[in-house]
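1. I'll drop the sequence and a predicted model, then ask my questions.
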Number of protein chains: 2
Amino acid sequence: MSKIEERNKRHKKAMQRKKEHIDEKIAQATIDKGVMVVLTGNGKGKSTSAFGMLARSVGHGMRCGVVQFIKGLWDCGEHMLFEENPLVEFYVMKTGFTWDTQDREKDIAAAVATWEKAAALLQDESVDLVILDELTYMLTYGYLDKPTVLSALENRPPNQHVVVTGRNASKELLELADTVSELSETKHAFHAGVKVQKGIDY
Amino acid sequence: MSKIEERNKRHKKAMQRKKEHIDEKIAQATIDKGVMVVLTGNGKGKSTSAFGMLARSVGHGMRCGVVQFIKGLWDCGEHMLFEENPLVEFYVMKTGFTWDTQDREKDIAAAVATWEKAAALLQDESVDLVILDELTYMLTYGYLDKPTVLSALENRPPNQHVVVTGRNASKELLELADTVSELSETKHAFHAGVKVQKGIDY
């Protein structure tokens, strides 16, 4: 047998083992339920990943609700893409960045009003996916009541997916989640003096 | 001054400092160029995040090209959402998962043919964003020639953004990238027996 033939044969064997392993894992995964995904850490891609799930879900014809805490005033591409889509409801916190307003009481009022929209989505069985973008900050700043938020997440309709993004997700959020990805920033163009880029950053 | 007033005042001061810091960083970021983003690591959200950038870019009216290595045979929501959008060109590697084909030579031929589509996009100045989904595996398996791939990425049009996803991105890819996020898997519903979920996983 030639060297290449040998390599191809080894490859086939390895891939057969891999396929068996994967097929077995797929066979074991039998639970069908709404999952809670938490995307946290300092790296780029948390909200972006949530919006990727939104794009997928809309592609499948699922009903989606998006509540954006903090990032409200940006002219985001995803907002422009989905704002007229009948499958997607968007709610945006009106005060924008908390370091722009610099007014704690106004921020708390805005957070509470925005949370009401989230709470309504988390009770609506016809909504398949809820994205709570940057929710974690509302909890770390103490703008929202933690038990209220956790209870709404826990008691949502059993088949509803929910995605929570933001740095420093609390222990309780991580415990409640089915899937957690932590994004770490290895390198960021911004620190090398590159401006925020349309499509990539917003 | 009451306790709450004091707290609000401290908050205002902290947020002013934060705003100054952020404004300064924004003022320093003056370079305008196409960025290369690498999303790697074992965690969930690499391709999802790339598709979030696609959604944003399409929202801004940008022209996009997507080349999917490996994941080709899935009936993905993002594919369904974008396949008829005139702003997006999709190329999908036909053989699907390499552990399904189990044929190294066929996989290499498919990888090379798929790479030709990627190479064409990376030379096309009218394309604003190129997503090379799961490209890293083609390099770790040795299916594609590394110098060819690196040179095509490096010599793309200066304003073109490119996003590369996949585990185990090589040192050279990380060096070439402007932004790198590493996603680590803290928890995954699949390991708890939950089936892959429409909208969330595909």
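-> Arrived safely, thanks for sending.

2. in which helix or strand does the residue found closest to residue A:95 once you drop the neighbours it is linked to in the chain reside?
-> Using Cβ to Cβ, 6 or more residues apart in numbering or on different chains and skipping the chain neighbours, the partner closest in space to residue A:95 is residue A:110 (4.3 Å). Bear in mind the C-beta positions are built from the backbone N, C-alpha and C, glycine included. For residue A:110, the host element (DSSP states H and E) is helix A:104-121.

3. what lies in contact with that helix?
-> A:65, A:67, A:69, A:89, A:91-95, A:98, A:101, A:127, A:130, A:132, A:135, A:138, A:141, A:143-144, A:148-149, A:152, B:7-8, B:11-12 (Cβ atoms under 8 Å, 6 or more residues apart in numbering or on different chains).

4. quick revisit: pLDDT score assigned to the residue nearest to residue A:95?
-> According to the prediction, residue A:110 has pLDDT 91.

5. before we move on, back to that, show the subsequent helix or strand relative to the helix holding residue A:110.
-> Following helix A:104-121 in sequence, per DSSP H and E, is strand A:129-133.

6. just the buried members of the contacts of helix A:104-121?
-> A:65, A:67, A:69, A:89, A:91-93, A:95, A:98, A:101, A:127, A:130, A:132, A:135, A:138, A:141, A:143-144, A:149, A:152, B:8, B:11 (16 or more other Cβ atoms under 10 Å in any protein chain shown).

7. may I have stretch A:87-101 as CSV, with CA atoms only?
-> Output in CSV follows, covering the C-alpha atoms of stretch A:87-101 (Å, rounded to 0.1, in the frame of the first residue of the first chain):
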residue,chain,number,x,y,z
LEU,A,87,-41.8,38.0,12.8
VAL,A,88,-39.7,40.3,14.9
GLU,A,89,-40.7,42.7,17.7
PHE,A,90,-38.0,45.2,18.7
TYR,A,91,-38.0,47.1,22.0
VAL,A,92,-35.1,49.5,22.7
MET,A,93,-34.2,51.2,25.9
LYS,A,94,-34.6,54.8,25.1
THR,A,95,-31.9,56.4,27.2
GLY,A,96,-29.0,54.8,25.4
PHE,A,97,-25.7,54.5,27.2
THR,A,98,-25.7,55.0,30.9
TRP,A,99,-22.5,56.9,30.7
ASP,A,100,-24.2,59.3,28.3
THR,A,101,-27.1,60.0,30.5
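
8. what is the distance between it and the centre of its chain?
-> Distance, stretch centre to chain centre, for stretch A:87-101: 16 Å (Cα atoms, centre = their mean, to the nearest Å).

9. one more: stretch A:8-22?
-> So, by Cα atoms, centre = their mean, the centroid of stretch A:8-22 is 34 Å from its chain's centroid.

10. and stretch A:120-140, by the same measure?
-> 10 Å.

11. residues touching the closest residue to residue A:141 other than its chain neighbours, list them.
-> Of all residues not flanking residue A:141 in the chain, residue A:98 sits nearest, at 7.0 Å (Cβ to Cβ, 6+ apart). Shown in contact with residue A:98 (Cβ under 8 Å, 6+ apart): A:70, A:107, A:137, A:141, B:15.

12. closest to residue B:191 out of those residues?
-> residue A:137 (28.6 Å; Cβ to Cβ).

13. contacting residues for that closest one?
-> A:69, A:70, A:98, A:143, A:166, A:167, A:168.

14. state the pLDDT value of the closest residue to the first one other than its chain neighbours.
-> Okay, so that is residue A:69. Residue nearest to residue A:69 in three dimensions, not counting chain neighbours: residue A:134, with 4.4 Å by Cβ to Cβ, 6+ apart. Confidence at residue A:134, expressed as pLDDT, is 94.

15. residue A:134 contacts residue A:39, correct?
-> No. With contact defined as Cβ atoms under 8 Å, residue A:134 does not count as touching residue A:39 (10.5 Å).

16. quick revisit: what's around the residue nearest to residue A:69, how many residues?
-> 20 (other Cβ atoms under 10 Å in any protein chain shown).

17. please report how far it lies from residue A:46.
-> As defined by Cβ to Cβ, to the nearest Å, residue A:134 lies at a distance of 8 Å from residue A:46.

18. overlap in contacts, these two.
-> What both residue A:134 and residue A:46 touch, as defined by Cβ under 8 Å, 6+ apart, is the set A:165, A:166.

19. and residue A:58, how many residues sit next to it?
-> The burial count for residue A:58: 24, using other Cβ under 10 Å.

20. and it, that's in a helix?
-> Yes. In this structure, residue A:58 lies within a helix as judged by DSSP: H, G, I helix; E, B strand; the rest coil.

21. please enumerate the helices of chain A.
-> A:3-28, A:46-59, A:77-82, A:98-101, A:104-121, A:135-140, A:146-154, A:171-176 (DSSP state H).

22. just give me the lowest mean pLDDT stretch among those helices.
-> For those, where the average pLDDT is lowest is helix A:98-101, sitting at a mean of 75.

23. how is chain A carved up into domains?
-> For chain A, automatic domain parsing gives the domain ranges A:1-30, A:32-192.
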